[in-house]
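A.B. asks: fold the following.
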Amino acid sequence: MPRPRWNFRKAEWEAYKIEIDKTYQRIKPVPDNTKGVTQLLLNSAKKHIPRGFRERFIPCWSDHSPKLSDECERTQDHGTAEELLESLQQSRKERWTEDVENTDFSHSSRHVWQIIKKLDPDSRLTKSAPLISPDEIVKEMKERGKHTPNQSFEKQIS
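C.D. replies: Model (predicted):
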């Protein structure tokens, strides 16, 4: 079973910030209080940032999607299936647009390169065929393995 993960997209950031601001004032400002601050942050996060996992994750699955999915399975209607796929596609498009618009090219170069790779599928590295076939490797191993029992394997150092 996978570990539960924080879902930062669905976090209630305003409530999280308010709770930390209120509770932080009660912690004494001494260097030995790092454990208290850490506990404060974790407790607030557990209240306001959802955690968990889904066994069957579908990207951009919205609140409206389960109703469409159930109706599609029940009626076997192609129109409902098209509507479900269209809503998923629209959500993915909006998510992509938001991701690209919010990308800061001056900070995270790895994130930028991930976006560039998604834009240009030809830039992905393709595995080339090995230069030596497995049969040639086996043949070479057999050749190297041949030796006469009286053969000496000592190395002459001069």
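
A.B. asks: for the rest of this, base every contact and every neighbour count on C-alpha atoms.
C.D. replies: Will do.

A.B. asks: need the per-residue pLDDT for His78.
C.D. replies: If you check His78, the pLDDT there is 83.

A.B. asks: can you tell me which residues contact it?
C.D. replies: Going by Cα atoms under 8 Å, 6 or more residues apart in numbering, His78 touches Cys72.

A.B. asks: helix or strand for Thr103, which one?
C.D. replies: Per DSSP states H and E: Thr103 is located in neither a helix nor a strand.

A.B. asks: would you mark the buried spots in the top helix by length along the chain?
C.D. replies: Longest helix in the chain, counting residues (DSSP state H): helix 78-101. By neighbour count on 16 or more other Cα atoms under 10 Å, the buried set for helix 78-101 is 80-81, 84, 87-88, 91.

A.B. asks: same question for stretch 35-43.
C.D. replies: Residues of stretch 35-43 classed as buried: 37, 40-41 (neighbour count, 16+ other Cα under 10 Å).

A.B. asks: got any ranges where the protein has weak pLDDT?
C.D. replies: Counting by pLDDT under 70, the chain has low-confidence residues at 1-2, 54-55, 121-130, 146-156, 158.

A.B. asks: which parts of it are helices?
C.D. replies: For the chain, the helices defined by DSSP H occupy 13-24, 34-48, 65-75, 78-101, 109-119, 134-145.
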